[in-house]
Each structure stands twice: as C-alpha cells, then as structure tokens.
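K.L.:
Below are the sequence and a predicted model for it; my questions follow.
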Amino acid sequence: FVRQGNTLILSGHIPSTPNGLLKGKLGSNLSIEEGYRSARTCAINILATLQSELGTLDRVKRIVKIVGFVNCTDDFEQQPAVINGASDFFVEVFGEKGQHARSAVGSNALPLGIATEVECIVEIEG
C-alpha cells in the first residue's frame, strides 16, 4: 500500500484462505455465489492489512473506493454481482462508513488463476 496523508491506497488483494487460493473463471467453472465469496475473501484480507497497519480498525474513517476484477468468460456480464461480495462486507463491518464508490471489471485472466482481486482506497483518522 501507499499512504498519502490520511489516505491509504491498497494494492489488489487476492482470495487467499488457510486452505489455499480461490481459483476459477466466472461463466465457466464458478457460479456467481462462488465469485461473491471470493470477492468477500479479498475484502477480509484487506481488513487484515488495515488491522496490521493501523493496529485497530477504529481508525478507518471511510472506505472511499474499491476496484474489483473478475476472472470471467467473454460473455459473462454479472461482474457487479460478484464484486458485491466485497462491497456488502465493507458495509456489514463499517456501516455507513463502508459505503463507497466502485468499479467492477471483467478480465480474461487474473494472476495465479484466482477468481477475483480487489483493491481499495481508505480514508483514516490521523
């Protein structure tokens, strides 16, 4: 990540779990629900980075923006439904402070064959 004043710009986070990476392609071998869980996992990993850097999530003033990438077939059109996994999670955790601007982008491939990747901009206290 990069810190600029009270803003943290976090690089893309991947859907890494204790059981490994969540891999696959939407529109081929993954359902929208599986993609949603993958995006949610990316958001959980973003919170882990914030917790590690800030010491507490209480310093999060607002989730400003997220950009979500979806590994999908050319004809898959439900990228927003997949990235809702991250958006919904931020609102669950932070309430109104978790509401954000967002882009949801389809990609023909993502690193390591992962299903989703999410990057984030966060405003923090002090």
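P.N.:
Right, received. Where do you want to start?
K.L.:
Would you mark the buried spots in the top helix by length along the chain?
P.N.:
Counting by DSSP state H, the longest helix found in the chain is helix 32-54. Within helix 32-54, the residues scored as buried using 16 or more other Cβ atoms under 10 Å are 32, 34-47, 49-50, 54. C-beta coordinates here come from the backbone N, C-alpha and C atoms, glycine included.
K.L.:
Check what contacts that helix and list those residues.
P.N.:
With contacts defined as Cβ atoms under 8 Å, 6 or more residues apart in numbering, helix 32-54 is touched by 1, 8, 10, 13-17, 22, 24, 26, 30, 57, 60, 66, 68, 70, 78, 81-86, 88-90, 93, 114-118, 120, 122, 124.
K.L.:
rerun at 7 Å
P.N.:
1, 10, 13-17, 22, 24, 26, 57, 60, 68, 70, 78, 81-86, 89-90, 93, 115-118, 120, 122, 124 (Cβ atoms under 7 Å, 6 or more residues apart in numbering).
K.L.:
In helices, which of those residues appear?
P.N.:
Among the contacts of helix 32-54, the residues falling in helices (DSSP H) are A81, V82, I83, N84, G85, A86, F89, F90, V93.
K.L.:
In a markdown table, list those residues along with distance to V105 and neighbour count.
P.N.:
What follows is these, written out as a markdown table (distance: Cβ to Cβ, whole Å; neighbours: other Cβ atoms under 10 Å):
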| residue | distance to V105 | neighbour count |
| --- | --- | --- |
| A81 | 13 | 16 |
| V82 | 11 | 30 |
| I83 | 9 | 28 |
| N84 | 14 | 20 |
| G85 | 15 | 25 |
| A86 | 13 | 30 |
| F89 | 18 | 22 |
| F90 | 18 | 25 |
| V93 | 23 | 15 |
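K.L.:
Of those residues, which is the nearest to A109?
P.N.:
V82 (15.5 Å; Cβ to Cβ).
K.L.:
how close does the closest residue in space to the closest one that isn't next to it in sequence get to F90?
P.N.:
Residue nearest to V82 in three dimensions, not counting chain neighbours: G35, with 3.7 Å by Cβ to Cβ, 6 or more residues apart in numbering. As judged by Cβ to Cβ, to the nearest Å, G35 and F90 stand 17 Å apart.
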